[in-house]
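Colleague: sequence unknown, structure follows:
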């Protein structure tokens, strides 16, 4: 029985449920690396080039953790979703970087809609590599994708319901691999929840709605995930009290897209850039004053 | 009458100014001012914190040209986030109180004639399309000739007998290029100067050092942003090989992508954005062609190149070739670069003697 290792970073936060459903349906055993801890992060920092973005360094750390614990490691390559929906170039290069830095077996698929490489083809390829029969793969794919669609709808609904609440609401703008990472964004979320703030996540909206909305901030933007984030800002700008940008240093799309958003929106915002030497105490101080400014009540 | 300006990159402002002045004879073309320390200071001041350095350079030149009275700015983008510069730069300039329009001819490293036509109409709706096509042809040829001459200069300038002979002749040539009337006269000048260049005396020793320069396109093509790296190499009598130039980006890149991919398929599978995968293949090429060393340069935070660096490093270690990585920022000091270059050069000499 082959085991697949899934690093809990970057792509994981976009596809975790889909992958898990797919592998469960195919009866493939998999392990997910633990939540980021200092050991993993430090390992990543050591392996990575000093100028890589924090999230990629973190990803390398997770790969390193998994490298002798499984037969395959799942590293997709995601390039674009057609019609000016590129991803960051790190997403294009991750597979090749890892192939060169580690001596491991990689389970890879490529999403490049401009060249006709779809998610469906990718998952079929994975199933085939793991010696599954086509009819099994078909069934598993259908099962995973229907569940994924339902989940998307549900997440969007949850966010919409949150927007109707009468609490202090803050939109967290950032990539999911930063927001939900244990070392990068988790502390910020915890702090906000402790202070009785309703958090709305920018990545939990339906991209079909938020994508086109982003045109109101930026006409030329072609980074998909940044587009979704900017669209989310427009979508709920009248219903929220403030927003917090969270990005890892030095994120390429964020450096331009967030800057443009900051110059165009008229809601109070806080820009947090997380580095490997950032301490939460510094961030805490800034969050505190931001919440003070918003008039939110602080629990002492 | 509108005043048109564009950012500077190497000597390419000459064909660009030539082209624009012929398409829009009634408008004024403002040649970009030379980049100085001041330019970068201005650019850095108004740029976002961790944007890559070309953004700061181009923003700096834009502000300087606006101070000179420019109204329309032309920008071109590459395949990475370079393609998205224009929109943010326009907003920054607007916030600073400048009234201007930025026209972005290329985004995502792609463009087509329809788009260019539409954009040029915004400058002056009455421009003649026939003229535009004819002069674009001449300007593109000019770029090609410049690149060919530059390649020759790079190979030989380190071994010139009379100091400055190459540079002086090149300047002469560029002046004559900018005054070309038609394609025929351009071709004749090019041939004339090519002959002159070949006649310049050089003394090339057989055991000369050969270095290949690869890296991010803006830094590689704008000598000020790489602190005149090629010049300092030439001073050490080194033959230089460089692949990236405008002609390559416009005409060869698309064709060569597949070839490069096949050539270096052991090292990378997918396109990694901008010139990253090209550079990996070039690194392999330089190693196989027995160059003495490789210098990889980029502006800091250039994401595609950062991804390519570990792979380039690996290829170099397979072939046992030394690589020097430079990451240029607005805060880089000239002395630091010189020291590292000196050490690199000494190391190459020592390897050669062995």
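Modeller: Great, that's in hand. For clarity, every value in this text was computed on a predicted model and none was experimentally measured.
Colleague: which non-adjacent residue is nearest residue B:347?
Modeller: residue B:322 (6.3 Å; C-beta to C-beta, 6 or more residues apart in numbering or on different chains). Backbone N, C-alpha and C define where each C-beta goes, glycine included.
Colleague: and if you look at residue A:180?
Modeller: According to C-beta to C-beta, 6+ apart, the nearest residue to residue A:180 is residue A:13 (5.8 Å).
Colleague: flag every residue of the stretch 1-150 of chain B that's near chain A.
Modeller: B:48-52, B:55, B:80-81, B:83-88, B:91-92, B:95, B:104, B:107-108 (C-beta under 8 Å from any C-beta of the partner chain).
Colleague: thinking again about what came up before, show residues contacting the one helix or strand the residue nearest to residue A:180 maps to.
Modeller: Here residue A:13 sits within helix A:12-26, counting by DSSP states H and E. Applying C-beta atoms under 8 Å, 6 or more residues apart in numbering or on different chains, the set of residues contacting helix A:12-26 from outside is A:4, A:6, A:29-30, A:32, A:74, A:76, A:123, A:127, A:130, A:132, A:136-137, A:139-141, A:143-145, A:147-148, A:151, A:175-177, A:180, A:203.
Colleague: over to stretch B:217-236?
Modeller: Here stretch B:217-236 makes contact (C-beta under 8 Å, 6+ apart) with B:8-10, B:12, B:34-36, B:53-54, B:57, B:78, B:82, B:154, B:157-158, B:209, B:211, B:213-214, B:240, B:242, B:244-246, B:249, B:274-275, B:295, B:297-299, B:302, B:326, B:328, B:332, B:334, B:337-338, B:341, B:345.
Colleague: distance between it and the chain's centre?
Modeller: Between the centre of stretch B:217-236 and the centre of its chain there are 10 Å (C-alpha atoms, centre = their mean, to the nearest Å).
Colleague: and what of stretch A:29-39?
Modeller: With C-alpha atoms, centre = their mean, you get 16 Å for stretch A:29-39.
Colleague: who's in contact with the residue nearest to residue A:207 when sequence neighbours are not counted?
Modeller: Leaving out its chain neighbours, the residue that sits closest to residue A:207 by C-beta to C-beta, 6+ apart is residue A:228, at 5.0 Å. Residue A:228 makes contacts with A:202-203, A:205, A:207, A:210-211, A:214, as judged by C-beta under 8 Å, 6+ apart.
Colleague: closest to residue A:288 among those?
Modeller: The nearest member of the contacts of residue A:228 to residue A:288, counting by C-beta to C-beta, is residue A:202 at 22.2 Å.
Colleague: could you measure from that closest one over to residue A:82?
Modeller: Per C-beta to C-beta, to the nearest Å, residue A:202 is found 22 Å from residue A:82.
Colleague: cool, residue A:68 as well?
Modeller: Note on residue A:68: its distance to residue A:82, by C-beta to C-beta, is 38 Å.
Colleague: more crowded one of the two?
Modeller: Each of residue A:68 and residue A:82 has its neighbours counted (other C-beta atoms under 10 Å in any protein chain shown); residue A:82 has more, 13 against 8.
Colleague: how about the secondary structure of residue A:79?
Modeller: What DSSP: H, G, I helix; E, B strand; the rest coil gives for residue A:79 is strand.
Colleague: who does the closest residue in space to it that isn't next to it in sequence form a beta bridge with?
Modeller: Leaving aside its chain neighbours, residue A:79 sits nearest to residue A:112 (4.2 Å; criterion: C-beta to C-beta, 6+ apart). On the basis of DSSP bridges, residue A:112 is bridged to residue A:80, residue A:117.
Colleague: OK, contacts around residue A:112?
Modeller: Residue A:112 sits next to A:77, A:79-80 when contact means C-beta under 8 Å, 6+ apart.
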